[in-house]
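# Pasted the sequence and its predicted model underneath.
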Amino acid sequence: MLRLGGTASPDHIEAFEALVIIFRKRGIDMDWVLYSDYDPMVAAFVSGEIDMAWNGPLSYVKIRRLIDEPCRVIAMRNVDVDYVTHFITHDDSPIQSVADLRGKRFAFGDRGSVQAGLLPYHFLKESGIDPSSDLAGFTFYDERPGGSTSDEDDVVERVAYGEYDAGAVSGQTLKALEKRTDTPETRGLRVLWSSPPYSHCCFTLRSDVDPALTQQIESAFLSADSGDPDGRALLAAEGCDAIVVGRLDGWDLIEKAAEREGLI
């Protein structure tokens, strides 16, 4: 039996229940287990307790550094391909480039967020700006009182209302803002810098899974379709339009940043 692991969340439960049905329709017997956090799931994958993991970007990077044989990125959500981080500011701000952020106030997302915490901090350092000494002030979401439910929404609101001069959000967040034109914080912002694309969440499969079964698993993922009730349930739970073939590119950037900040 194929064993899938993920972190405990209502969305993952809904997604995994739909996946079990989709896989069984294709003759794949699968069960799943939930973990309290990504690190226990990483340990379970490395030890062989589970065959497949629904990874966040940092947990995948940890796995590929810990496991003896290369694992396979078997599938991804379409929204996790070519992920980007944006630095945003006000329309009327004098900030025109990353260099202009020197001496300004900067809002990061959650400290544990790859796209709005780790990577933007890394990108600033790569550009020659050390946040701890070169910015007038900066905070991560978990350091700010009374924030919005979403860390990136909080960044948008605080930049929009002038509490911070600039901030970091993902491309996915900005796309979502396009649908929220009725709220003040969605207006009057512009992108001053965009990162190179990178990969985000992924389904990861152990290399010792039989090659024939591996092909079946990939086909099962790719068969998810919104026209089918089970496929529609999976895509809705995962917040995407399609499951696509896994990408091998875009991970080195995350690994470099995580290594530099002592996270791996």
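Structure's in. What do you need?

# what sits against residue 77?
For residue 77, the contact set (C-beta atoms under 8 Å, 6 or more residues apart in numbering) comprises 201, 238, 239, 240, 242, 243, 244. Using the backbone N, CA and C atoms, a C-beta is placed for each residue, glycine as well.

# Quick check, pLDDT for the last one.
At residue 244, the pLDDT value in this model is 98.

# which stretch of helix or strand covers it?
For residue 244, the host element (DSSP states H and E) is strand 243-245.

# Next SSE downstream of that strand?
Heading C-terminal from strand 243-245, the first helix or strand you meet, by DSSP H and E, is helix 252-260.

# what does that following helix rub up against?
57-58, 61, 64-65, 114, 118-119, 121-122, 125, 196, 198-199, 264.

# in this structure, what spans have low per-residue confidence?
Counting by pLDDT under 70, the ranges of the chain that qualify are 147-148, 180-187.

# For it, which segments count as strands?
Assigned strands in the chain, in chain order: 2-7, 30-35, 52-55, 72-77, 85-90, 105-107, 137-139, 166-170, 189-194, 202-205, 243-245 (criterion: DSSP state E).

# most packed of these?
Of all those, strand 166-170 carries the top mean neighbour count, a mean of 28, counting by mean count of other C-beta atoms under 10 Å.

# helices or strands next to that one in the packing?
strand 85-90, strand 105-107, helix 151-160 (3 or more C-beta pairs under 8 Å, 6 or more residues apart in numbering; DSSP states H and E).

# which residues does the residue nearest to the spatial centre of the chain contact?
Centrality entry for the chain: nearest residue to the mean C-alpha point is residue 200, 4.3 Å, by C-alpha atoms, centre = their mean. Counting by C-beta under 8 Å, 6+ apart, residue 200 touches 56, 57, 76, 79, 80, 81, 83, 114, 115.

# Any chance of JSON lines for the residues you listed, columns distance to residue 20?
Output for the contacts of residue 200, formatted as JSON lines (distance: C-beta to C-beta, whole Å):
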{"residue": "56", "distance to residue 20": "22"}
{"residue": "57", "distance to residue 20": "25"}
{"residue": "76", "distance to residue 20": "19"}
{"residue": "79", "distance to residue 20": "22"}
{"residue": "80", "distance to residue 20": "22"}
{"residue": "81", "distance to residue 20": "25"}
{"residue": "83", "distance to residue 20": "28"}
{"residue": "114", "distance to residue 20": "28"}
{"residue": "115", "distance to residue 20": "29"}
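
# mind listing what residue 2 touches?
By C-beta under 8 Å, 6+ apart, the contact list for residue 2 reads 23, 28, 29, 30, 31, 51, 52, 209, 213, 217.

# Out of the residues you listed, which end up buried?
Buried members of the contacts of residue 2, scored by 16 or more other C-beta atoms under 10 Å, are 23, 28, 30, 51, 52, 209, 217.

# Go through the residues you listed and name the one nearest residue 142.
Using C-beta to C-beta, the shortest approach to residue 142 within the buried ones among the contacts of residue 2 belongs to residue 52, at 30.5 Å.
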